[in-house]
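Chemist: no sequence on this one, just coordinates:
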DNA sequence: CGACTTCCGATACTCGTCGTATCGATACTC
DNA sequence: GAGTATCGATACGACGAGTATCGGAAGTCG
């Protein structure tokens, strides 16, 4: 059943943690693959054997960090509010926001990375939101643009996550448009 | 009155045009300073003599491309709507959106570039909006986060500017929150 | 006109990073 | 034991940002 050859060592989680920690401590630009590998106690070749490029590694670390979205709430508005506060909190976690903004920036001029980002990170939440809210794809995509775009813009312009008061304003604004 | 020595040739506009054209044709990542210089018919040293870094050049080209914001309208809501449609149109112009998203991304992990971006590009519009709308700084900054963040997120995720229908939705959502 | 100053274009260079290639060693299957 | 796939280490190629240098060009001032 198991394929022949030496099995892969289970260092994925270690590499993910080292990725976010390195981005948090040094910033996205200084978080080179060499440094991430060193922080994880792993050879650089091991990383490139598992992820084809740096952007894919960051995206995988983000997917792992986000996990499934909590789509709780009695009515659609409450559910959307919960989701917005959840993603705002995640983006505020150390390294997550910087990594997200960095990989997003890289994706702008890299169609391949853009596909990875859309498929692996955005699409699962988009589909779940479509079903949970009963809204068409185009409308859910618009909400995602507003929420994630706003949070990342704040992060990019100030280097700090959005404060709670502004997250409240964002929740109020988006839920009222529902 | 005039300083001694050879005067600077007036190639700033040529370089700005070449910058946006190169970004539009090749994308932000492939728009190297060498290529921009070649497209402008100028030596790379000439560019670095006028702008200290690539990000500063892109920002200057954006400031030149945007120009002053039209803050017309009878009431604050109409004025804000005009401003949103204006910035959406500008970001949709060839090269502008990609350059904006690119320099924004670079700014996330580059505090120096972040300062340039805030001071040269965001602050003039922020101050003008504060006076025109009569709203406090924090609130105007929130609106800028929402509008620009949303437009850039759409641009980054799809590679295409936001369609008019969604811009309308953005205008409705933001003006209602005013 | 001639000394001086500043800009231009061309070229070469340093440095850092991504991603690839190579190789001996290791861990597992059959 | 033969075969296979991974590991760590190291070296390497490619490429772009930014710097240094230099001869020449275009001005100003005496």
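Modeler: Looks like it came in fine. Quick caveat, the model's predicted, so the values are computed rather than measured.
Chemist: Please report the distance of the spatially most central residue of chain A from residue A:89.
Modeler: Nearest residue to the geometric centre of chain A (C-alpha atoms, centre = their mean): residue A:62, 4.1 Å. Distance, residue A:62 to residue A:89, by C-beta to C-beta, to the nearest Å: 14 Å. From N, CA and C alone the C-beta is placed, and that goes for glycine too.
Chemist: and stretch A:137-153, which residues are buried?
Modeler: In terms of neighbour count (16 or more other C-beta atoms under 10 Å in any protein chain shown), stretch A:137-153 has its buried residues at A:139-153.
Chemist: Is DNA strand C within reach of the helix or strand hosting the residue nearest to the centre of chain A?
Modeler: Counting by DSSP states H and E, the element that carries residue A:62 is helix A:54-66. Yes - using C-beta under 7 Å from any atom of the strand, helix A:54-66 reaches DNA strand C at A:54, A:55.
Chemist: Over that helix, what's the mean pLDDT, rounded is fine.
Modeler: For helix A:54-66, the mean per-residue pLDDT is 96.
Chemist: Provide the angle between the direction of the next helix-or-strand element following it and the direction of helix A:54-66.
Modeler: Under the assignment DSSP H and E, the closest C-terminal helix or strand after helix A:54-66 is helix A:76-92. Using axes from the mean of the first three to the mean of the last three C-alpha atoms, to 10 degrees, one finds that helix A:76-92 and helix A:54-66 are set 120 degrees apart in direction.
Chemist: What is helix A:76-92 packed up against?
Modeler: Applying 3 or more C-beta pairs under 8 Å, 6 or more residues apart in numbering or on different chains; DSSP states H and E, one finds that helix A:76-92 contacts helix A:54-66, helix A:96-108, helix A:123-133, helix A:137-158, helix A:164-177.
Chemist: List the buried residues in stretch A:113-131.
Modeler: Neighbour-count burial for stretch A:113-131 [16+ other C-beta under 10 Å]: A:113, A:114, A:116, A:117, A:121, A:125, A:126, A:129.
Chemist: how about it, does it get close to DNA strand C?
Modeler: No - using C-beta under 7 Å from any atom of the strand, stretch A:113-131 stays clear of DNA strand C, coming no nearer than 8.6 Å.
Chemist: how about the helices and strands packed on helix A:76-92, which one is nearest residue B:164?
Modeler: Smallest distance to residue B:164 across the helices and strands packed on helix A:76-92 (C-beta to C-beta): 12.7 Å, for helix A:137-158.
Chemist: Considering only the buried residues of stretch A:137-153, which also neighbour chain B?
Modeler: Checking those against chain B by C-beta under 8 Å from any C-beta of the partner chain, the ones in range are A:142, A:144, A:145, A:146, A:148, A:149, A:150, A:151, A:152, A:153.
Chemist: The spatially closest residue to residue A:167 that is not a sequence neighbour: what's it in contact with?
Modeler: Excluding the flanking residues, the one nearest residue A:167 by C-beta to C-beta, 6 or more residues apart in numbering or on different chains is residue A:88, at 4.7 Å. Residue A:88 makes contact with A:151, A:161, A:162, A:167, A:170, according to C-beta atoms under 8 Å, 6 or more residues apart in numbering or on different chains.
Chemist: export these to TSV and tack on distance to residue B:135 and pLDDT?
Modeler: What follows is those, written out as TSV (distance: C-beta to C-beta, whole Å; pLDDT from 0 to 100):
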residue	distance to residue B:135	pLDDT
A:151	21	97
A:161	23	95
A:162	18	98
A:167	19	98
A:170	16	98
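Chemist: ok, and the most crowded of those?
Modeler: residue A:151 (27 neighbours; other C-beta atoms under 10 Å in any protein chain shown).
Chemist: Surely that residue and residue A:86 touch.
Modeler: No - judged on C-beta atoms under 8 Å, residue A:151 makes no contact with residue A:86 at a distance of 11.5 Å.
Chemist: how about the residues of chain A near DNA strand C?
Modeler: Counting by C-beta under 7 Å from any atom of the strand, the residues of chain A close to DNA strand C are A:1-7, A:30-34, A:44-45, A:48, A:52-55.
Chemist: What about those residues, which are in strands?
Modeler: Applying DSSP state E to the residues of chain A next to DNA strand C, no entry is found in strands.
Chemist: Look through chain A and state the residue closest to DNA strand D.
Modeler: residue A:5 (1.8 Å; C-beta to the nearest atom of the strand).
Chemist: residues touching residue A:85, list them.
Modeler: Counting by C-beta under 8 Å, 6+ apart, residue A:85 has contacts A:167, A:171.
Chemist: per-residue confidence at it?
Modeler: In this model, residue A:85 carries a pLDDT of 98.
Chemist: how near is it to residue A:27?
Modeler: Residue A:85 is 26 Å from residue A:27, by C-beta to C-beta.
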